[in-house]
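Colleague: Turn this into a model:
(2 chains)
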Amino acid sequence: AQTVTQSQPEMSVQEAETVTLSCTYDTSESDYYLFWYKQPPSRQMILVIRQEAYKQQNATENRFSVNFQKAAKSFSLKISDSQLGDAAMYFCAYRGTDSGGGADGLTFGKGTHLIIQP
Amino acid sequence: EPEVTQTPSHQVTQMGQEVILRCVPISNHLYFYWYRQILGQKVEFLVSFYNNEISEKSEIFDDQFSVERPDGSNFTLKIRSTKLEDSAMYFCASSFGGVNRQYFGPGTRLTVL
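Modeller: Numbers count the residues shown, from 1 in each chain, chains lettered A, B, ... in the order given. Just a heads-up that it's a prediction; the model follows:
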């Protein structure tokens, strides 16, 4: 079974600075997808960024980028120019590839609570 | 952007009662999912549903749980006899399938007293 590990229960960063959240995973599959979800106090799950394992290029979405190291099974999220609205729980998630249908559920890490200091 | 909706936003029930949580997936999506998040813990996959049957389920999804797509738009999760430990946030998600992302609803907070 796949596992996702987030070793930082909480991180704090000054507004406008850069922060990196860590995630490692364990899998025997060669093709899969990785995600970062943001969960603000409202508890809504918001997709921040996703990465296909077969793509070597790291995904970016505006101020959010990932450092995907497939051999090391590492998938960290970098948030540049941190803003107060970035404060939330961040969950790393893994999804394998089944027959290609899409039935696989996501496996989540325990999350990192990101605090933005004004 | 299209949205998954869930009702109610908060449900309070007595232990032993049956509850039904409702979700309206995005209209052209084919795969539907339920996840659970106990307060302060990670989100856990319960079940996926495709073509009117369960595709995959986790160990959490025992005989107390059932899912149904009673009509062309709703997707429901039933808990037959609720326990205190069923108190959690329940998220519905939907996907077009394949490599497409799963869209999450806002969640239903279930409180079992």
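Colleague: Please tell me how far the residue nearest to A:S30 when sequence neighbours are not counted sits from A:Y32.
Modeller: Excluding its sequence neighbours, the residue lying closest to A:S30 (CB to CB, 6 or more residues apart in numbering or on different chains) is A:A53, at 7.3 Å. Glycine gets a C-beta too; all of them are placed from N, C-alpha and C. A:A53 sits 5 Å away from A:Y32, taking CB to CB, to the nearest Å as the criterion.
Colleague: again, but for B:V112
Modeller: Separation of B:V112 from A:Y32 (CB to CB) stands at 35 Å.
Colleague: just B:E68 next, same as before
Modeller: Distance check for B:E68 against A:Y32: by CB to CB, it reads 30 Å.
Colleague: Looking at the two now, which is surrounded by more residues?
Modeller: A:Y32 (19 against 13; other CB atoms under 10 Å in any protein chain shown).
Colleague: Ramachandran coordinates for that one?
Modeller: The phi and psi values for A:Y32, taken as degrees, to the nearest 10, are phi -170, psi 180.
Colleague: Next: B:M15.
Modeller: phi -50, psi 140.
Colleague: Same check on B:N74?
Modeller: phi -90, psi 150.
Colleague: what's the nearest residue to A:D31 once chain neighbours are set aside in contact with, if anything?
Modeller: Among residues not flanking A:D31 along the chain, A:T97 sits closest, at 4.9 Å (CB to CB, 6+ apart). For A:T97, the contact set (CB atoms under 8 Å, 6 or more residues apart in numbering or on different chains) comprises A:E29, A:D31, A:Y32, A:Y33, A:D104.
Colleague: residues touching residue 95, list them.
Modeller: Let's take chain A. A:R95 touches A:Y32, A:Y33, A:L34, A:F35, A:D104, A:G105, A:L106, A:T107, counting by CB under 8 Å, 6+ apart.
Colleague: That was the other one, I meant chain B.
Modeller: A:G102, B:H29, B:L30, B:Y31, B:Y33, B:R101, B:Q102, B:Y103.
Colleague: follow-up on the earlier one: restrict the contacts of A:R95 to the buried ones and give me that as a ChimeraX selection.
Modeller: Buried members of the contacts of A:R95, defined by 16 or more other CB atoms under 10 Å in any protein chain shown, are picked up in ChimeraX with:
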select /A:32,33,34,35,104,105,106,107
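Colleague: Of the contacts of A:R95, which is the nearest to A:S65?
Modeller: A:L34 (13.1 Å; CB to CB).
Colleague: That closest one: what secondary structure?
Modeller: strand (DSSP: H, G, I helix; E, B strand; the rest coil).
Colleague: Distance of it relative to A:F108?
Modeller: In terms of CB to CB, A:L34 sits 11 Å off from A:F108.
Colleague: Mutual contacts of the two, please.
Modeller: Common neighbours of A:L34 and A:F108, using CB under 8 Å, 6+ apart, are A:C92, A:A93.
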